[in-house]
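Enquirer: The following block contains a protein sequence and its predicted model.
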Amino acid sequence: MRKISKILILCITFCVVGLTVAEPALADVPYRTYTQNGYGELVETQTAYTPSTTILKIGGERLRAPEDLKITDDGLIYIADTGNKRIIVSNLDGELQQIIGEGILHTPRGLFVKADGTLYVADAGTDDIAGSIVVFNKDGKEINRYGKPDSPLYGSRSFKPTKISVSDGGTMYITSDGNTNGIIQITPTEGGQFLGYFGTNASVVSFSQIFNRFVYGDNTAGLSIAPTSISNLTIDSKGLIYTLTTSYDTDQPVKKLNIAGLSMLKTDVPAYDAISVAVGQYENIYVATTTGRVFEYNKEGSLLFVFGGRDYNEYRVGLFNTISAIDVDNSDRVFILDQANSEIQVFQQTEFTSLVHESLVLYQKGLYTQSKEPLKQIIMMNSLFDYANLAMGQATYQEGNYDEALSYYRLAKEKDGYSDAFWEVRNVWLRDNIVTAILIILAIIVLFKGISFCDRKWKILSPVRNATQNVRDTMFYKRLVFGKTFMRHPIDASYEVKRQGMQSYLVASILVVIFIIINIISKYFSGFLVKSVRDGYYDILSDIISVVGVLIIVSVVTYLICAINDGEGTLKNILCSYVYAISPYFILQPILFIAGNVVTKNEMFIIEFGNIIMFVWIALLIFTSIKEVNNYSMKETIKVIALTIFAIFVFAVMAFVMYVLIAQAWDFITSIYGEVVYRIAGA
């Protein structure tokens, strides 16, 4: 008994210690971190950034509705303290260093700091005071001011600058409130020369707008199709401009513009509600959103992490009320400005993120071998982190280790890289085995030719033919291989199905089983490049039910439609004709399956062309069988097929409605049952 008591005490102690250790890990941050998998979906991953400090006051004073911040290489934070009409400068710990623009600025909403300390402020002005770009030197003295461009190219729009970035040559890139023409470009020469607009968003026209304009005319109020305004921008060390569009009406809310004003980014997980953007030291892109989320992309636009979230006035560290700006320092700490709470939250990267960044910079420098070590550590920590699998695949491919690259590319669901690696692997195999393969093929040809010659001269295969003749003469065998005749002579074959007893439910069932087996093998075991389902995903029962269900429904509906349109075919005729009509699938699909395991992406046209031939062939056989079995004309056949398709659609809608009603009724019954059980238990 004493021994049992000791064991119980030991178990309880382990449980308590386990809970004590585990709880901080769960409560470490009040949000979840996500990344993008190879299918383009958001999946949860390790915490990427943890909140380290919160800057509530600078120099003993609170900020008031701040709208922008920038961090310089020398470790200073410049904050647009919009509500207090000034620029606050502090160090990275929040200690006040300088106040700029008091009594000069009116509504400072954006700022930019050059390497020499020159400060550019986008002052939107007020209703009575015009907006302008105010320039200060590093001592905080105003040295220049740029107002609304007087160029006729600018137009009559107002000038209310909200954000600004400046190139090394001094060209200013400005966003203005309400200006839909794009980024305003101004050079410092001649007191501020307007160069034109840059990076204008494309106009998005919905169907309803087109219809309204067609009905009401072009001058109808409220039907503007002007492009969406650019809401924010930044510039990187290479002079590339990044823009944000806070709108769900664009498919590119984050852009990285080339000199032609076209985006070089392609983000599979766009940040549609983006409000601020910053570029890290690895060309990684940080995008903060109005919902409190922070997206981190690599330089090509592949998503690395999503973290953060909305606070909803709970004042939890790591969550935000209203983000207005984001920037990152040289230590990869992320500084996020919360306008509503008038505070700056600082986030520290975790060990996992540090490894991601280390591998990122090594790979971008072409140091593929060196990048493998941090990538291996990342994969050990999270084997499903597809970005690491992709990078490892690229690194091993660059090293010439194509077999290993294949496995990593497959884990990352990266078909382009997999195709390139497979092409190399296939080349090596062909080089090493081409002579042997040719000799084997020649030997098989010679063997068959020799057997054929001997059979013609000495009838060596006669015993085999005689032994199988009885089987081949049976009606069962003739029906089983009747698909060959149906493919070559569908008109005559349809007549034989209808008049000469070539229909059989047993044979049709066997052929359907064969079809299902080929379909399952092709679906789940085809080559990675042609596979349409995820690795490790199997739903065979659903596949069987869908094939059998579709065949029965289509056959029954076709029979009913034909019956009311004076068709001569029976249900058995129609069902068996449909089964025989899919005979090309039995011949071509195994060939396509084999081809799908040996082709690269550049050769996928072979598979696509083969599928087109197969489905067109099947469609023609179905059309011919309906026509001949029911003794229809061409016009009548088209009519019956159209009615059949419509009837199947109606049947599908009715089935869906019934499913919804049954599901709701079941939920109602289970809720009542649960309520009854709860009340009985409470009593």
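Expert: Yes, it's here.
Enquirer: Which residue is the nearest non-sequential neighbour of the spatially most central residue of the chain?
Expert: The residue lying closest to the centre of the chain (Cα atoms, centre = their mean) is residue 40, at 2.9 Å. In this structure, residue 40 finds its nearest non-sequential neighbour in residue 268, 4.6 Å apart by Cβ to Cβ, 6 or more residues apart in numbering. Placement of C-beta: from N, CA and C, glycine included.
Enquirer: Could I get the contacting residues of that neighbour?
Expert: Neighbour list for residue 268: 36, 40, 301-303 [criterion: Cβ atoms under 8 Å, 6 or more residues apart in numbering].
Enquirer: Quick check: the two most widely separated of those residues?
Expert: Greatest spacing in the contacts of residue 268, by Cβ to Cβ: 40 and 301 (12.2 Å).
Enquirer: Please tell me I have it right and residue 168 contacts residue 239.
Expert: Yes. Between residue 168 and residue 239 a contact is recorded at 6.8 Å, counting by Cβ atoms under 8 Å.
Enquirer: what's the burial count for the closest residue to residue 399 other than its chain neighbours?
Expert: Spatial nearest neighbour of residue 399, excluding adjacent residues (Cβ to Cβ, 6+ apart): residue 368 at 6.1 Å. Counted with other Cβ atoms under 10 Å, the neighbours of residue 368 add up to 18.
Enquirer: Okay, residue 368 and residue 354: tell me how far apart.
Expert: As judged by Cβ to Cβ, to the nearest Å, residue 368 and residue 354 stand 19 Å apart.
Enquirer: correct me, but residue 248 touches residue 272?
Expert: Yes. Assessed by Cβ under 8 Å, residue 248 is found in contact with residue 272 at 4.9 Å.
Enquirer: count of neighbours near residue 518?
Expert: Considering only other Cβ under 10 Å, residue 518 is surrounded by 15 other residues.
Enquirer: Quick check: the gap between it and residue 603.
Expert: In terms of Cβ to Cβ, residue 518 sits 22 Å off from residue 603.
Enquirer: same deal with residue 547?
Expert: Residue 547 is 29 Å from residue 603, by Cβ to Cβ.
Enquirer: the more surrounded of those two?
Expert: Neighbours were counted for residue 547 and for residue 603 using other Cβ under 10 Å; residue 547 has more, 16 against 13.
Enquirer: got the contact list for that one?
Expert: 512, 515-516, 519.
Enquirer: and the residues you listed as CSV, adding neighbour count and pLDDT?
Expert: CSV is the format used below for the contacts of residue 547 (neighbours: other Cβ atoms under 10 Å; pLDDT from 0 to 100):
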residue, neighbour count, pLDDT
512, 19, 97
515, 18, 97
516, 16, 97
519, 16, 96
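Enquirer: ok, now which ones touch residue 277?
Expert: Counted by Cβ under 8 Å, 6+ apart, residue 277 has contacts 232-234, 242-244, 254, 285-288, 326.
Enquirer: Equivalent analysis for residue 417, please.
Expert: Neighbours of residue 417 in contact, by Cβ under 8 Å, 6+ apart: 390, 393-394, 397, 405, 409.
Enquirer: which SS class is it?
Expert: Of the three states, residue 417 takes helix according to DSSP: H, G, I helix; E, B strand; the rest coil.
Enquirer: Report the contact partners of residue 125.
Expert: With contact set as Cβ under 8 Å, 6+ apart, residue 125 has these partners: 106-107, 131-132, 160.
Enquirer: one more time with 6 Å
Expert: By Cβ atoms under 6 Å, 6 or more residues apart in numbering, the contact list for residue 125 reads 106, 131.
Enquirer: Kindly report the same for residue 594.
Expert: Neighbour list for residue 594: empty [criterion: Cβ under 6 Å, 6+ apart].
Enquirer: Which pLDDT does the model give it?
Expert: Predicted confidence (pLDDT) for residue 594: 95.
Enquirer: go on, residue 434?
Expert: 92.
Enquirer: Equivalent analysis for residue 247, please.
Expert: Residue 247 is assigned 74 on the pLDDT scale.
Enquirer: same question, the one 4 residues further on
Expert: According to the prediction, residue 251 has pLDDT 72.
Enquirer: go on, residue 175?
Expert: pLDDT for residue 175: 95.
Enquirer: Over to it: give its phi and psi.
Expert: phi -100, psi 140 (degrees, to the nearest 10).
Enquirer: cool, residue 306 as well?
Expert: When read as degrees, to the nearest 10, the backbone of residue 306 gives phi -130, psi 130.
Enquirer: tell me the SS of the closest residue to it other than its chain neighbours?
Expert: Spatial nearest neighbour of residue 306, excluding adjacent residues (Cβ to Cβ, 6+ apart): residue 34 at 4.4 Å. What three-state DSSP gives for residue 34 is strand.
Enquirer: Could you check how many residues crowd around residue 34?
Expert: Residue 34: 19 neighbours (other Cβ under 10 Å).
Enquirer: Might you report the residue contacts of it?
Expert: By Cβ under 6 Å, 6+ apart, the neighbours of residue 34 are 42, 44, 306.
Enquirer: From those, which shows the smallest pLDDT?
Expert: On pLDDT alone, residue 42 ranks lowest of the contacts of residue 34, at 90.
Enquirer: so what's it bridging to?
Expert: Using DSSP bridges, the bridge partners assigned to residue 42 are residue 36.
Enquirer: What distance do you get for it to residue 336?
Expert: 20 Å.
Enquirer: When the two are compared, which one has more neighbours?
Expert: More crowded of residue 42 and residue 336, by other Cβ under 10 Å: residue 336, with 27 against 13.
Enquirer: Please, which helix or strand holds the more buried one?
Expert: Using DSSP states H and E, residue 336 sits in strand 334-338.
Enquirer: What would that strand look like as CSV? C-alpha coordinates only.
Expert: Listed next in CSV are the C-alpha coordinates belonging to strand 334-338 (Å, rounded to 0.1, in the frame of the first residue of the first chain):
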residue,chain,number,x,y,z
VAL,A,334,10.4,45.0,-35.1
PHE,A,335,9.0,48.3,-33.8
ILE,A,336,5.3,48.7,-34.3
LEU,A,337,3.5,52.0,-33.6
ASP,A,338,0.0,51.7,-32.2
